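Chemist: Next input, structure requested:
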Amino acid sequence: MKLLKIIPLALLCMAFTIPVNDTIYPIDGYQYSGIKRLKRLQLALSGDLPDAKLPAGAYKSINDIKLNLLSQKQYSSQDVLVEDEMLQKKINALFPRLDKSYSVTVLDITNAEKLRYAQQNETRGYQPGSVGKLVVVTALFDQLAKIYPNDYNKRVELLKSKMVKGGNWVLTDEHTIPVFDIATNKLVKRQAVASDVFSLFEWADHALSVSNNGAASVVWREALLMAAFGDKYPTMTQEDADAYFKKGPKNDITDLAIKVANEPLRKLGITEDEWRLGTFFTRGVNPYVGSKGGSIGSPLGLMKWMLQLEQGKVVDEKSSLEIKRLMYMTDRRIRYAQAPELRDAAVYFKSGSLYKCDKTKDASCGKYKGNVFNYMNSVAIVEHSDGSNYMVCLMSNVLSKNSAGDHLALASKIDKAIRSIK
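Modeler: Purely as a prediction, here's the structure:
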């Protein structure tokens, strides 16, 4: 049987519980979402294309993805994020000499009625890098809710059917995007170009699954246009959008862009010092929208967001669940999420980095080894099959060193620490 040759033995039982059709998301939800990358995964799962080589934990179906803390919805972040003595002691043992280079927050949600929280340097601010893409996806769903406040199905239909051109907003970004031709079953991974046209759903997927900067700028742009055009957005044309940015004034557009991105965070009780976004992700945006206020993230601010995502408070319950699905890593796992202890776990993940080199100080300074700054950040919701579930935000600024290995090692240690608590 062809399926037996494609899927590792450890996945067989899991695979046979997943009906291979077009109704499941995220693994094979092409019909639901229109995300062509998922069509390829569906064909790989059925054995019609080569094995996608996903980790065992990446094979959840839509019915398995849940929000874990709906029963705790009445509790605020202030109520929940209180240090647990036992977990705090274990986290402290992992970072006995923690300095300004590392900060972390950890929330064990295995037992929704007995949450455990620990933190180190939780309020320290870092440049969030690509973790900020969670902000623009939140802004997208916030604006969708304003256009269709009482009909979530229409929001999904707009995500699927609204096709938009990348334009100069995607320029430039070294991250590639997966472009799958459903007629030929051919996959090409390449940089986004100005002529690319994808649905809102696909742009959002490109922004999170492969962390494409151009895609994130497009998602933010579309959320901005939703705020500017309101209920006229679903029928607006490319010419309408071009005229809006040409007419300006640029300062007013910039103010609206910053409001669109950051207002949903403030509604969640996340302060400007805890998490804010002030700059788009690509330089091609500069003629249309400026920057304002800078970007910053802290482990506390990001944990507040993850907590309220699991409570169904990020926009609303259905939006929170959809965002969590988009975070489900079905492209590849890197850095923190690559820890071997997490292979069989479901991981909802975003990583971000930003570095700067001064070659006059060190000629060997390079990618992810900045000697001026060298930010690397990870947020993850981890769900094990034995019911051990937790959330982590790990942020670092270790100069002249690629910290990916350290993040991976810390992921292993944090996983063992949490699962050792009975």
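Chemist: distance of residue 353 from residue 207?
Modeler: 15 Å (C-beta to C-beta, to the nearest Å). Placement of C-beta: from N, CA and C, glycine included.
Chemist: between the two, which one's more packed in?
Modeler: Neighbours per residue, other C-beta atoms under 10 Å: of residue 353 and residue 207, the larger number sits with residue 207, 29 against 24.
Chemist: Assumed the more buried one was part of a strand.
Modeler: No - looking at residue 207 with DSSP: H, G, I helix; E, B strand; the rest coil, it is helix, so not inside a strand.
Chemist: Check it and give its pLDDT.
Modeler: On the pLDDT scale, residue 207 is placed at 96.
Chemist: Quick check: it vs residue 198, distance?
Modeler: The gap separating residue 207 from residue 198 is 11 Å, by C-beta to C-beta.
Chemist: Kindly report the same for residue 267.
Modeler: Relative to residue 198, and taking C-beta to C-beta, residue 267 is found at 29 Å.
Chemist: and if you look at residue 318?
Modeler: 23 Å.
Chemist: What of residue 218?
Modeler: Residue 218 is 8 Å from residue 198, by C-beta to C-beta.
Chemist: So those two - more neighbours on which side?
Modeler: Neighbours were counted for residue 218 and for residue 198 using other C-beta under 10 Å; residue 218 has more, 31 against 23.
Chemist: Find the nearest non-adjacent residue to the more buried one, please.
Modeler: Residue nearest to residue 218 in three dimensions, not counting chain neighbours: residue 203, with 4.8 Å by C-beta to C-beta, 6 or more residues apart in numbering.
Chemist: any low-confidence regions in this structure?
Modeler: 1-26, 28, 96-100, 330 (pLDDT under 70).
Chemist: Using the record's domain definitions, break it down for me.
Modeler: 1-64, 79-124+326-419, 129-297 (automatic domain parsing).
Chemist: Which of the ones you listed sits closest to residue 306?
Modeler: With C-beta to C-beta as the measure, domain 79-124+326-419 is the member of the domains of the chain nearest residue 306 (4.7 Å).
Chemist: so who does residue 419 touch?
Modeler: 384, 388 (C-beta atoms under 8 Å, 6 or more residues apart in numbering).
Chemist: if we go to 7 Å?
Modeler: Neighbouring residues of residue 419 by C-beta atoms under 7 Å, 6 or more residues apart in numbering: residue 388.
Chemist: in stretch 263-278, what counts as buried?
Modeler: Residues 264-265, 268, 270, 274-278 are the ones in stretch 263-278 that count as buried (16 or more other C-beta atoms under 10 Å).
Chemist: do the same with stretch 154-169
Modeler: So, applying 16+ other C-beta under 10 Å, buried residues of stretch 154-169: 155-156, 158-160, 162, 164, 166-169.
Chemist: Many thanks, we can stop here.
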